[in-house]
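can you look at this prediction? I've put the sequence above it.
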Amino acid sequence: MIADDLEPDDALARVLAACTPLPGERRGLFAARGRVLAEALHARWSLPGADVSTMDGWAVRAADLSSGTSEAALAVAGESAAGHPSPSHLQPGQAARISTGAVLPPGADAVVAQEDAARRGDRLHVDLARAGAVRPGHFVRRAGSDLAAGAAILASGTALRAGDLALAAGAGHADVLVHRAPRAAVLCTGDELVDIGCPPGHGQVVSSNGLMLACQAAAAGAEVRDLGRVRDEPEALRRALADAADAADVVLVSGGISVGDHDLVWPTLLALGAEPVFRRVRLRPGRPLAFARLGAALVFALPGNPASTFVGFELFAGPALRRLGGHLQPELPRRRVVLAGPAEGAGRRTHCVRARLVDGRAEPLPSQVSGALTSLRACDLLVLVPPGPGLPAGAEAWALDLTGAGAP
Ligand SMILES: Nc1nc2c(c(=O)[nH]1)N[C@H]1C(S)=C(S)[C@@H](COP(=O)(O)OP(=O)(O)OC[C@H]3O[C@@H](n4cnc5c(N)ncnc54)[C@H](O)[C@@H]3O)O[C@H]1N2
Ligand code: MOO
């Protein structure tokens with residue numbers, strides 16, 4: 001028997017149980033950003049590769065500057081510039097010009113900053129009072145101090161960000177094995193819908209859900225195909241759903257999932273041979289939210305009210321897309337919040353109250369009507385108000401945080 005009227009956590013568990021991370025593919029580093037590593041990476045060489053200077057100044061032998069006097073004079077001998085290491089051995093009593101990042105010449109073991117020395121002809125006068133104690137390693141970044149060759153740098157399952165990719169590049173990788181991005185197809189149903197940019201006639205509405213879902217799915221790491229809208233007509237819907245399921249890993253359908261005479265999505269999915277997983281969730285907004293497998297695709301039938309579509313995506317479809325993309329923690333982060341205003345309850349359902357984050361507190365948006373687009377304006381948090389009468393201002397609650405990587 002198909003599950004019905006599930007608690008949101010139970011529904012999410014069933015969604016995630018249906019998702020297996022997609023296979024790996026090799027991508028160049030820029031193309032791998034946002035993707036999840038499907039292999040562990042190790043450093044191909046040590047970083048830095050040699051002892052290098054951290055300052056523009058003079059490579060020296062520390063032993064030459066340990067006399068206890070206030071000034072020392074050294075003979076200027078050669079230069080080591082970044083990309084042009086000096087081949088000659090630094091002899092006792094000598095100093096070589098060196099730039100930041102350049103390799104210390106053989107024989108040198110410390111660097112005196114330019115500000116702490118003055119060159120006069122071929123002599124370098126080091127102001128030891130200013131430079132302080134110059135010991136071996138002074139202003140030197142040792143070979144391998146950042147990373148030893150062979151060291152683990154990034155674990156499998158890492159969602160790759162700019163710094164991670166820079167590390168991979170610096171440590172010798174030009175491409176990496178990452179999980180394939182899930183393909184998401186977005187389909188809006190409803191005879192009342194008109195395309196974006198078209199003024200709606202009497203009884204019509206602009207199909208804003210398709211755009212919203214496409215943005216949300218892209219933010220969850222999907223490659224998105226917006227299939228536009230389809231009329232509440234059985235054959236058209238049957239073809240559109242079958243084509244969407246052939247072309248995508250995840251099909252996001254908006255509207256037509258309630259129980260009205262023109263709500264055809266569920267019977268059409270069943271007629272197509274979809275395997276139902278659940279039909280409804282104890283959630284407001286978003287109760288008539290259904291989940292099924294159709295062929296190799298996972299289908300989320302989201303209720304058409306804009307807030308219901310939005311919330312249904314964030315609670316269930318977003319985590320599914322992230323799990324398919326290989327994320328180890330696909331759920332939105334949860335945080336404990338203090339309410340800046342009262343939050344209404346939704347009877348036996350969890351009320352997903354849309355809220356803004358203001359001075360660290362959750363301020364419920366003025367409208368919580370599921371058909372109101374304004375209930376989504378500047379939404380930072382989905383506050384999970386437990387079944388019951390609601391919560392007063394000042395109460396604590398759990399909230400799903402939309403401000404991070406998962407934010408649309
Ligand atoms: N007898 C019952 N009626 C309803 C129930 C119920 O339990 N028993 N549940 C209600 C709840 S809760 C919701 S939510 C809605 C869901 O209905 P549908 O998924 O069938 O959505 P539609 O009827 O197609 O549309 C609802 C609403 O949303 C607007 N919409 C639809 N698609 C879009 C779009 N692409 N862009 C923007 N807006 C869209 C549509 O015009 C309607 O106003 O069912 C209740 N009814
Ligand atoms: O549960 Mo419906 O999604 O409130 O409007």
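Alright, I've got the coordinates. Numbers count the residues shown, from 1 in each chain. Ligands and ions are numbered 1, 2, ... in the order given.

tell me where the model's unsure across the stretch 1-150 of the chain.
Residue ranges of the stretch 1-150 of the chain with pLDDT under 70: 67.

can you pull out the strands in it?
In the stretch 1-150 of the chain, the segments counted as strands under DSSP state E, counting those that start in this stretch are 24-28, 41-42, 52-53, 57-60, 71-80, 94-98, 110-113, 117-120, 123-127, 140-141.

please identify the most buried of those.
Counting by mean count of other CB atoms under 10 Å, strand 57-60 has the highest mean neighbour count of the strands of the stretch 1-150 of the chain, with a mean of 28. In short, each C-beta sits where N, CA and C put it, glycine included.

strand partners of that one, parallel vs antiparallel please.
Using DSSP bridges, strand 57-60 pairs in its sheet with strand 94-98 (antiparallel), strand 110-113 (antiparallel).

related to what we said a few turns ago, to Ser308, which of the strands of the stretch 1-150 of the chain lies closest?
strand 24-28 (34.7 Å; CB to CB).

who does that closest one touch, helix- and strand-wise?
strand 175-179 (3 or more CB pairs under 8 Å, 6 or more residues apart in numbering; DSSP states H and E).

tell me what the strand it packs on is packed against?
Short answer (3+ CB pairs under 8 Å, 6+ apart): strand 175-179 packs on strand 24-28.

just want the angle from the strand it packs on to strand 175-179.
Here strand 24-28 points in a direction 140 degrees away from that of strand 175-179 (axes from the mean of the first three to the mean of the last three CA atoms, to 10 degrees).

so Ser375: helix, strand or coil?
Of the three states, Ser375 takes helix under DSSP: H, G, I helix; E, B strand; the rest coil.

dump the strands paired with strand 57-60 to a markdown table, plus distance to ligand 2.
Output for these, formatted as a markdown table (distance: least, CB to the nearest ligand atom, whole Å):
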| stretch | distance to ligand 2 |
| --- | --- |
| strand 94-98 | 67 |
| strand 110-113 | 65 |
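
nearest to Ala340, of the ones you listed?
Comparison of those against Ala340 by CB to CB identifies strand 110-113 as nearest, at 52.0 Å.

touching the closest one from outside, list them.
Residues outside strand 110-113 that contact it (CB atoms under 8 Å, 6 or more residues apart in numbering): 53-62, 65, 95, 98, 104, 126, 131, 134-140.

run the last query once more with 7 Å
Contacts to strand 110-113, defined as CB atoms under 7 Å, 6 or more residues apart in numbering, come from residues 53, 55, 57-60, 62, 98, 126, 131, 134-140.

so which bits of stretch 318-333 are buried?
Neighbour counts over stretch 318-333 (16 or more other CB atoms under 10 Å) mark 318-327, 330-332 as buried.

residues contacting that stretch, please?
12, 15-16, 19, 21-22, 35-36, 38, 157, 159, 179, 181-182, 184, 216-217, 220-222, 249-250, 298, 314, 400-402, 404, 406.

try it again with 8 Å
12, 15-16, 18-22, 35-38, 157, 159, 178-182, 184, 216-217, 219-222, 249-250, 298, 300, 314-315, 382, 400-402, 404, 406.

got the end-to-end distance for it?
12 Å (CA to CA, to the nearest Å).

tell me the average confidence for that stretch?
The average of the pLDDT scores along stretch 318-333 is 98.

roughly how far out does that stretch sit from the chain middle?
Its chain's C-alpha centre and that of stretch 318-333 lie 10 Å apart, by CA atoms, centre = their mean, to the nearest Å.

pretty sure Ala181 is in a helix, no?
No - applying three-state DSSP, one finds Ala181 to be coil, outside a helix.

could you measure from it over to Pro21?
11 Å (CB to CB, to the nearest Å).

with Val186 instead?
To Pro21, Val186 is 22 Å away according to CB to CB.

can you name the residue of the stretch 51-200 of the chain nearest ligand 2?
Gly190 (14.6 Å; CB to the nearest ligand atom).

now that residue: how far from Pro285?
In this view, Gly190 and Pro285 are 17 Å apart by CB to CB.

compare those two (neighbour count), which wins?
Pro285 (27 against 20; other CB atoms under 10 Å).

check what pLDDT the more buried one gets.
97.

tell me the contacts of it?
Pro303, Asn305, Ala307, Ser308, Val311, Gly312, Cys352, Ser370.

would you turn the residues you listed into CSV with neighbour count?
CSV is the format used below for the contacts of Pro285 (neighbours: other CB atoms under 10 Å):
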residue, neighbour count
Pro303, 28
Asn305, 23
Ala307, 25
Ser308, 26
Val311, 29
Gly312, 31
Cys352, 28
Ser370, 21
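
in helices, which of those residues fall?
Counting by DSSP state H, the contacts of Pro285 place Ala307, Ser308, Val311, Gly312 in helices.

surely the last one and Leu289 touch.
Put plainly, it is Gly312. Yes - between Gly312 and Leu289 there is a contact under CB atoms under 8 Å: 4.7 Å.

which residues sit against the longest helix that the chain contains?
Once the chain is assigned using DSSP H, the helix that runs over the most residues is helix 234-247. Contacts with helix 234-247, where a contact means CB under 8 Å, 6+ apart, come from 183, 185, 187, 189, 225, 227, 230-231, 251, 253, 256, 264-265, 268-269, 271-272, 294-297, 299.

quick one: average confidence on it?
Throughout helix 234-247, pLDDT has a mean value of 97.

likewise stretch 295-307?
The model assigns stretch 295-307 a mean pLDDT of 98.

repeat that for stretch 153-165.
98.

same question for stretch 379-390.
97.

mind listing what's buried in that stretch?
Across stretch 379-390, burial judged by 16+ other CB under 10 Å covers Cys379, Asp380, Leu381, Leu382, Val383, Leu384, Val385.

list the residues that contact the third one.
Okay, so that is Leu381. The contact partners of Leu381, by CB under 8 Å, 6+ apart, come to Arg335, Val337, Arg354, Ala355, Arg356, Leu357, Ala362, Ala399, Leu400, Asp401, Leu402, Thr403.
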